[in-house]
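Enquirer: Sequence plus predicted model, see below.
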Amino acid sequence: MIPPEILESDVPIDMSRISQLIDDESVEVIDRLTHQVEELRKINAVTGEEIPENYPGCWVFFDWSKTLVRTLNRADFNKVRTNRNQNKITLSEQEKLGEKRIGIIGMSVGRSIATTMAMERVFGHLKIADMDTLDLSNLNRLKAPIRDLGLKKTLSVQQELHELDPFLSIETLDEGITPENIDDLINYIENTALAMRNHLKNIIAFNKNKVEPVDIREIDVQELIDFNLKEFEPHPDFSELSVNMRIQQNAPFVSDRHRLNRILSNLISNVIKYRDVEKDTNELNIVAMADDNGLHLIVSDNGVGIKEENIDKISQIFFREPSSELGSGIGMYIVDQTAKKLKGNFELKSRKGEFTKYTFHFPSLEEKK
């Protein structure tokens with residue numbers, strides 16, 4: 001299926017296409033932008049944001065219904081459409097949900113789920129799968145127009161959702177689940193589940209780090225590193241990494257193993273998350289040496305890197321680089337706070353497009369008797 005055609009009113013090539021469609025007698029033209037702008041104006045009055053007097057908006061062409069509709073541009077459309085969600089969730093929660101990847105298999109019951117999630121706009125990308133066509137007898141349990149009878153169920157759902165919100169990102173598997181696409185679908189869902197798991201782990205770790213006492217024990221550094229690498233083996237993208245290690249323990253090292261695990265887990269997660277897929281090799285380099293001065297730990301990669309002006313902000317809670325849609329903005333804050341709890345410190349060096357390198361020092365703490 002061809003998705004809706006988004007045409008910007010101030011882009012010359014799009015303006016030509018808009019004029020062509022308006023002149024086409026077979027196309028129904030609907031322009032109710034004024035009403036939408038008034039609603040946007042009311043919302044912006046709270047924040048003091050101004051709206052241009054001659055707000056251009058954009059046009060959306062639905063090829064399947066031969067309809068051209070004028071509406072707000074993408075950002076303002078999303079703002080107005082989700083505005084009443086703020087009585088239920090916060091703006092930051094709405095933004096986080098707007099990044100989620102959702103997969104739904106089966107469009108009979110699944111259609112209602114997909115429609116509800118689209119209405120609330122609580123996903124960033126939706127993948128739907130069903131092999132069947134829409135039959136008249138299906139209408140006893142799902143809402144669909146009779147004009148869609150005989151269409152693929154996925155196509156009927158996609159059209160309905162795009163007519164609700166033309167800016168939604170929707171992918172269809174029209175043959176349902178097959179041996180050829182099942183691995184991709186499982187990886188798609190696994191990535192989302194792992195991201196949710198890591199986010200929940202970070203929230204729990206954030207609270208635990210504040211209230212739990214330091215649990216001091218002697219630590220085998222090699223075993224510590226091996227354990228954390230093994231934890232990531234189920235991650236579908238871990239196998240993409242080239243892991244290089246150099247571990248040396250010349251003296252006993254005493255600290256809180258659980259807190260060190262949290263630090264390493266966040267760092268390895270970031271290496272996977274921010275790897276540069278354009279490079280031939282994605283590296284994870286770990287150097288650890290324990291001596292009489294404590295543990296010296298270096299974790300580095302050759303991933304996408306961090307802009308120089310953002311390096312000092314990385315440890316701030318909920319900070320993410322503006323260009324990044326990944327991460328929760330809490331992981332590196334936890335790393336920073338956990339390192340301080342262990343009387344440690346770290347230095348971050350990075351160059352955008354080249355590398356990121358964390359250098360830690362943790363003193364050996366006094367072991368419990």
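Expert: Nice, I can see it. Residues are numbered from 1 along each chain as shown.
Enquirer: For the nearest residue to Glu99 once chain neighbours are set aside, which residues are in contact?
Expert: Excluding the flanking residues, the one nearest Glu99 by Cβ to Cβ, 6 or more residues apart in numbering is Gly124, at 4.6 Å. For the C-beta atoms, the positions are set from N, CA and C on the backbone; glycine is no exception. Residues counted as contacts of Gly124 (Cβ atoms under 8 Å, 6 or more residues apart in numbering) are 98-101, 169, 325.
Enquirer: Return the set of residues that bridge with the closest residue to Val29 other than its chain neighbours.
Expert: Spatial nearest neighbour of Val29, chain neighbours left out: Leu68 (4.9 Å); criterion: Cβ to Cβ, 6+ apart. Beta-bridge partners for Leu68, by DSSP bridges, are Val29, Phe61.
Enquirer: residues near Asp292, how many?
Expert: Using other Cβ atoms under 10 Å, Asp292 has 9 other residues around it.
Enquirer: quick one, what contacts it?
Expert: Asp292 touches 250-251, counting by Cβ under 8 Å, 6+ apart.
Enquirer: and if you look at Leu173?
Expert: Contact analysis of Leu173 by Cβ under 8 Å, 6+ apart lists 127-130, 154, 181, 185.
Enquirer: Pretty sure Leu264 sits against Leu224.
Expert: Yes - using Cβ atoms under 8 Å, Leu264 is in contact with Leu224, at 7.4 Å.
Enquirer: Can you pull out the low-pLDDT segments for this structure?
Expert: In the predicted model of the chain, residues 1, 188-203, 205-207, 317-329, 367-369 satisfy pLDDT under 70.
Enquirer: Checking the spatially most central residue of it next. Helix, strand or coil?
Expert: Centroid-nearest residue in the chain, with Cα atoms, centre = their mean: Glu99, separated by 4.2 Å. Assigned with DSSP: H, G, I helix; E, B strand; the rest coil, Glu99 falls in the coil class.
Enquirer: for Ile104, same thing?
Expert: Under three-state DSSP, the three-state class of Ile104 is strand.
Enquirer: How about it: what's its closest non-neighbour residue?
Expert: Nearest residue to Ile104, sequence neighbours excluded (Cβ to Cβ, 6+ apart): Gly110, at 4.3 Å.
Enquirer: check contacts around that neighbour.
Expert: Listed by Cβ under 8 Å, 6+ apart, the contact partners of Gly110 are 104, 128, 130, 157.
Enquirer: Help me confirm that the last one is found in a helix?
Expert: Yes - counting by three-state DSSP, Val157 is found in a helix.
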